[in-house]
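S.K.: With the input below, show me the fold.
(chains A and B)
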Amino acid sequence: MDAQAAGGVSETRPSVAISTEQLTKRFGNQTALDGLTLEIPVGEVFGFLGPNGAGKSTTLRLLLGLLAPTSGSARIMGADVRDVREVHRHTAYVPGDVRLWPKLSGGECLELFANLRGGVDVDYQAALVEQFRLDTTKRARAYSRGNRQKVALVAAFAARADVLLLDEPTSGLDPLMEQEFRACVAEATARGQTVFLSSHILGEVEQICSRVGILRGGRLVEVATIQRLRAMHSTEIELDVDGPIPDLRSVAGVERVVAIPSGVRITLNGPPGPVLQAVADLAITGIRAQEESLEHIFLTYYGDDARGVRSTDVDG
Amino acid sequence: MSTADRGVVRLVAREVRTGAIVLVVAVPAMFWAVLASAAAVDLVGAAGLGTLAANPAVRALYGQPFDLSTRGGFAVWRSGEVLAAISALWGMLTATRILRAEEDAGRYDLLLAGPVIRRRVVGLHLMVLGIVAVLLGIAASTTFVAQSQAVVGSVLVGVGLGLVTVTFVAVGALVAQLFAPRRRAAGVGGLVLGAAFIVRVLADGSEGARWLRWLTPFGWFEELRAFTGDHLVALVPLVLTPVALLVVTVAFERHRDIGAGLVGDDDVQLECSHLLGGVGPFAWWERRGGVLGWGLGLGGYGLVIGAITVAFTDFLASDPAFRRLAAQFGYEELASAGGFVGSMDAFIAVVLALFVVSSVHVLWDDENDGRLDLVFAGPIGRVRWLSAQTGVTAVAAIALATVTGVATWIGLVLGGGSLSFVDTVLAALNTLSVVTLFFGLAVFVHGVHPQRGVAVAGGAVLASYVISFLGPALDAPGWVLDLSAFRHLAIVPAEPVSWVSTLAMVAAGAAFATGGAVAYARRDLR
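M.R.: The predicted structure follows:
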């Protein structure tokens, strides 16, 4: 399918969908975003994580030109975000808290947004309404938060925009609708659309994002693929052993060795090959391996100390 | 009172604080200014009173003059009804705001989730407004006493003013139970208030239907006859009505869901409105109900003014003493039909200015509620959105002025007047120059500091009006009078249109609007 035809009239398609250069936003003397430099290639699903108040929504609103940067710059599909008319032909947005005109029905909201955009993929929109089981005849005032979110999601996906900016888009959806959402994101990326997703739901991030950035206190503290994030962290291996165990502490990648009643617990940071070779000749009766959970990895970033392990003040 | 109760009270007090302070200071200050100015006016003796009281137009505008030989009696007659209406409007709007808008926004749920039951929450809200009304009454009474007026009369003015305010607080509380969202509740409340005022005007303006006065709180306030007989019987309806309204409010409150009114329309809407096709039609969709309401009010005002023109001007033409009195209150031209219509149209300018301010406020309302994020995430520029919204507002303002002019002319014809159709409509359209000035100011404030949009632009309108209304009576120096934009309106059709000031005000408005648009395009969206 040709994403370019649906997305707009860009003559030469850039390879970078979103780029920011030292993007900074201060509100009074409070720095909401501090020197964000980021590049997201076309077609990527980028997960944007961070604790509440880290600056995720501020970033999205800067990218949309709803806020003016204090310093730095940002480009979407090659155009400066200050050029709203050009940039917004390429973007669609789902805010974290969708607000609609209470008197308009869901269908009327969709109609309005479609008209303001100058046309959407009508068939796809109808399919999306089915897919998300949205009752478009109800007025917005009668919608729950999840239903308002569905209206914005349908409008955003039906726009077939090159870049989808989604601010915690599933926080009000039920698990079934979350699944539909993931299917829509998959379809969008298959069409070559780029997705910038701020989220708290780690399972969702793990499933659909190819890369994640972690924001903390307005600063970007990490950008990596999920695999690399995992690799940067440790794995625990427990071995049940009959007989004596040699000293494994000097083996490459081993961080810690603790004796347990049935054998030994090895904390490993790096590939498991060397340590497996070192224990190959032992009488091993059982083996259990546990990767540090993704949740635990993120919590290390969310806590008071960027790389520490304190992580008590994280919202669930 | 429990800790939770005190928490609710403190919250409500914070919500209404600013408006309450302005009301409690400004209304007594107006009384004070009229009392002070009355010292300079030749007070009307018994003979003059007869002619004044016999004139239906005078009675319709200000109420029945019972006895104007004291400054207190004069001040209550001259400004009591208007100030009572302003206080009532504040009470009604504030009640719908704290009871309905808070609920619309979902914040009420948080309160109700606490240990205080619903009826008590409503009661505590109304209690705070009741306290404001009491303070208002005390401040008004103190003003009269401080100006050495009779104590009984002074107390009656304060009690009456407070009770009229409480009555319309109760009206606001009741419509907040009946209708959702806030705009609809406030609209119905406004109709009730307008009708109550009109009934008083009709009762006083007619010869045979003065008993109608007993049907409206403004009539009861008049019947208190402070300083001129101190008619305590009028206190009975003034006390019973709010009590009855509050009982009904509490009864209704139990029978409805939070977030909905008792009178609800369907949550299902099958057909799409055809006004969603673009920014212009949508701007109209957002305003059509409001424009209709303002149109009804202005049309009614025009009709009344037109209908009483002949009676009023005949009366002034025959009595030089009252002509002098009118001149001291800034109405030098009242003795001719053109002068009367032109002078009364200055009030249309005030109303239209408030209309454009409220219409610009819709922009902030949408932004503040987060609805514009979705709009501006699409390929719609802010200047385009602003142009459509202000364009529709401008067209509506012109239409409203025209409607008022036509209604005035119809009233004139009914009342036997002879002013031409063109002159009458031109008189109404002439007000648009000053409206443009305030329109520009509203757009400017929306561009640079939107949170204060209504306060600054609306405040400028009211301050301008107060200067034009009280300045001459207080012998204010010329430069103070010149500060009021309304003083720069020529009294069309008695005077020719003043093109210099018209162009100056339109140019200033356009400059303000341009600056506002530039700032709006650059500033952070909330």
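S.K.: Could I get the pLDDT score of B:Val152?
M.R.: In this model, B:Val152 is scored at 94, pLDDT.
S.K.: Look at it and give its secondary structure.
M.R.: The three-state label for B:Val152, taken from DSSP: H, G, I helix; E, B strand; the rest coil, comes out as helix.
S.K.: Am I right that it is in contact with B:Asp230?
M.R.: Yes - with contact defined as CB atoms under 8 Å, B:Val152 counts as touching B:Asp230 (5.3 Å). Heads up, the C-betas are built off the backbone N, CA and C, glycines and all.
S.K.: Next up, the contacts around the nearest residue to B:Met1 once chain neighbours are set aside.
M.R.: Excluding its sequence neighbours, the residue lying closest to B:Met1 (CB to CB, 6 or more residues apart in numbering or on different chains) is B:Val9, at 7.5 Å. Residues in contact with B:Val9 (CB atoms under 8 Å, 6 or more residues apart in numbering or on different chains) are B:1, B:124, B:127-128.
S.K.: quick one, phi psi at the most centrally placed residue in chain B?
M.R.: Compute the mean C-alpha point of chain B, and by CA atoms, centre = their mean the closest residue is B:Ile86, 5.8 Å away. According to degrees, to the nearest 10, the main-chain angles of B:Ile86 amount to phi -60, psi -40.
S.K.: Could you check how far it is from B:Met92?
M.R.: Applying CB to CB, to the nearest Å, one obtains 11 Å for the distance of B:Ile86 from B:Met92.
S.K.: The helix or strand encompassing B:Glu367: how far from the chain's middle?
M.R.: Taking DSSP states H and E as the criterion, the element that holds B:Glu367 is helix B:337-368. When distances are taken as CA atoms, centre = their mean, to the nearest Å, helix B:337-368 is centred 10 Å away from the chain's centroid.
S.K.: and after that helix, which helix or strand comes next?
M.R.: For helix B:337-368, the succeeding helix or strand toward the C-terminus, using DSSP H and E, is helix B:371-376.
S.K.: any residue of that following helix up close to chain A?
M.R.: Yes - using CB under 8 Å from any CB of the partner chain, helix B:371-376 reaches chain A at B:371, B:373-376.
S.K.: Which one (most neighbours) among the residues you listed?
M.R.: Each of these was scored by neighbour count (other CB atoms under 10 Å in any protein chain shown); the top score is that of B:Asp373, with 25 neighbours.
S.K.: quick one, phi psi at the nearest residue to that residue once chain neighbours are set aside?
M.R.: If the residues on either side of it in the chain are set aside, B:Asp373 comes closest to A:Pro95, at 4.9 Å by CB to CB, 6+ apart. Geometry field for A:Pro95 lists phi and psi as phi -70, psi 160, criterion degrees, to the nearest 10.
S.K.: what residues are up against A:Pro95?
M.R.: Applying CB under 8 Å, 6+ apart, the residues contacting A:Pro95 are A:152, A:167, B:370, B:373-374, B:377.
S.K.: follow-up on the earlier one: can you pick out the most distant pair from the residues of helix B:371-376 next to chain A?
M.R.: B:Arg371 and B:Phe376 (10.0 Å; CB to CB).
S.K.: follow-up on the earlier one: so can I have CSV of the contacts of A:Pro95 showing pLDDT?
M.R.: Written out in CSV, the entries for the contacts of A:Pro95 read as follows (pLDDT from 0 to 100):
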residue, pLDDT
A:Ala152, 96
A:Asp167, 95
B:Gly370, 91
B:Asp373, 92
B:Leu374, 92
B:Ala377, 89
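S.K.: ok, of those residues, which one's closest to A:Arg61?
M.R.: Relative to A:Arg61, and with distances defined as CB to CB, the nearest of the contacts of A:Pro95 is B:Asp373, at 7.6 Å.
S.K.: just to revisit the earlier point, pipe the contacts of A:Pro95 into TSV and attach distance to B:Leu246 per row.
M.R.: Below are the contacts of A:Pro95 laid out as TSV (distance: CB to CB, whole Å):
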residue	distance to B:Leu246
A:Ala152	41
A:Asp167	44
B:Gly370	35
B:Asp373	40
B:Leu374	41
B:Ala377	46
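S.K.: Quick check: phi and psi on the residue of chain B most remote from its centre?
M.R.: Among the C-alpha atoms of chain B, the one farthest from their average position, using CA atoms, centre = their mean, is that of B:Pro379, at 38.8 Å. Note on B:Pro379: backbone dihedrals following degrees, to the nearest 10 are phi -80, psi 40.
S.K.: Check A:Asp121 too.
M.R.: Phi and psi for A:Asp121, reported as degrees, to the nearest 10, are phi -80, psi 100.
S.K.: Which of the contacts of A:Pro95 sits closest to B:Ile467?
M.R.: Nearest to B:Ile467 among the contacts of A:Pro95: B:Gly370, at 38.3 Å, using CB to CB.
S.K.: ok, the closest one - contacts?
M.R.: For B:Gly370, the contact set (CB under 8 Å, 6+ apart) comprises A:95, A:97-99.
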